[in-house]
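>>> Following is a predicted model, sequence given first.
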Amino acid sequence: MNLVLCGPPFSGKSTVSQLVAEHLDWELLDTDLLIEKKVGLSCRDLYLEMGEEVFRATEREVLDTLTHVQHKVIALGGGVMDVDLVKKLGLVFYLQLPVEVLWDRMMLVPEKPAYLSETDPFKEFSERISSRLSLYEAMAEQWLNAEHTPQELANQVIEIGEAHGIK
């Protein structure tokens, strides 16, 4: 079994996944990093240069390669759309945060998401997040309030994972 973290961008998936992987001594597979390794471009640059369709196809190829791995912690990109494929990966956790908190976190990073324009970026960001909520909810067996510290969230993931038979 794998432990899989999903949720919107800036929800803490990569940070929490790293803590879980370190605690369990499991390999961390971050789909954004796997995409970047596969194509030699950042996810942002791939999206900007090749478009969303190519980005999503590449993302699906990467996800397909993960369906046979075991005892891994998998951090999904914030835009993963394939609910059925994600459910095959393992026990899925959805890190939930209010859009305002996600926005505040996003504003702290130098590179903003490629889909944001200068017209009304908060509205675009909010709409993008809102449009994906039902996907995250459908993917996940466990929903976690991500307003806790990364370590508290990691402890919750580990505890729930152990209750499901990991280790």
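Done, it's in.

>>> any idea how far the spatially most distant residue from the centre of the chain lies from residue 125?
If you look at how far each residue of the chain sits from its centre, by CA atoms, centre = their mean, the farthest one is residue 119, at 26.6 Å. Separation of residue 119 from residue 125 (CB to CB, to the nearest Å) stands at 12 Å. C-betas here are computed from N, CA, C, even on glycine.

>>> coming back round to it: let me know whether my guess that the residue farthest from the centre of the chain is in a strand holds.
No - looking at residue 119 with DSSP: H, G, I helix; E, B strand; the rest coil, it is coil, so not inside a strand.

>>> What does the pLDDT read for it?
pLDDT recorded at residue 119 is 84.

>>> repeat for the one 4 residues further on
At residue 123, the model reports a pLDDT of 92.

>>> Check which helices and strands the strand of greatest length in the chain is in contact with.
In the chain, assigned by DSSP state E, the strand with the most residues is strand 91-96. If contacts are counted by 3 or more CB pairs under 8 Å, 6 or more residues apart in numbering; DSSP states H and E, strand 91-96 sits against strand 3-6, helix 121-139, strand 142-145, helix 150-163.

>>> Go through the next helix or strand after it and flag the buried ones.
Per DSSP states H and E, the first helix or strand lying C-terminal to strand 91-96 is helix 99-106. By neighbour count with 16 or more other CB atoms under 10 Å, helix 99-106 contains the buried residues 99, 102, 103, 106.

>>> Can you say which of the helices and strands packed on strand 91-96 is packed in most?
strand 3-6 (a mean of 28; mean count of other CB atoms under 10 Å).

>>> got a list of contacts for the helix or strand bottoming out on mean pLDDT in the chain?
Least confident helix or strand, the chain: helix 43-50 with a mean of 89, by mean pLDDT, DSSP states H and E. Outside helix 43-50, the residues that touch it by CB atoms under 8 Å, 6 or more residues apart in numbering are 32, 35-36, 39, 41, 54-55, 58, 77, 111, 113-115.
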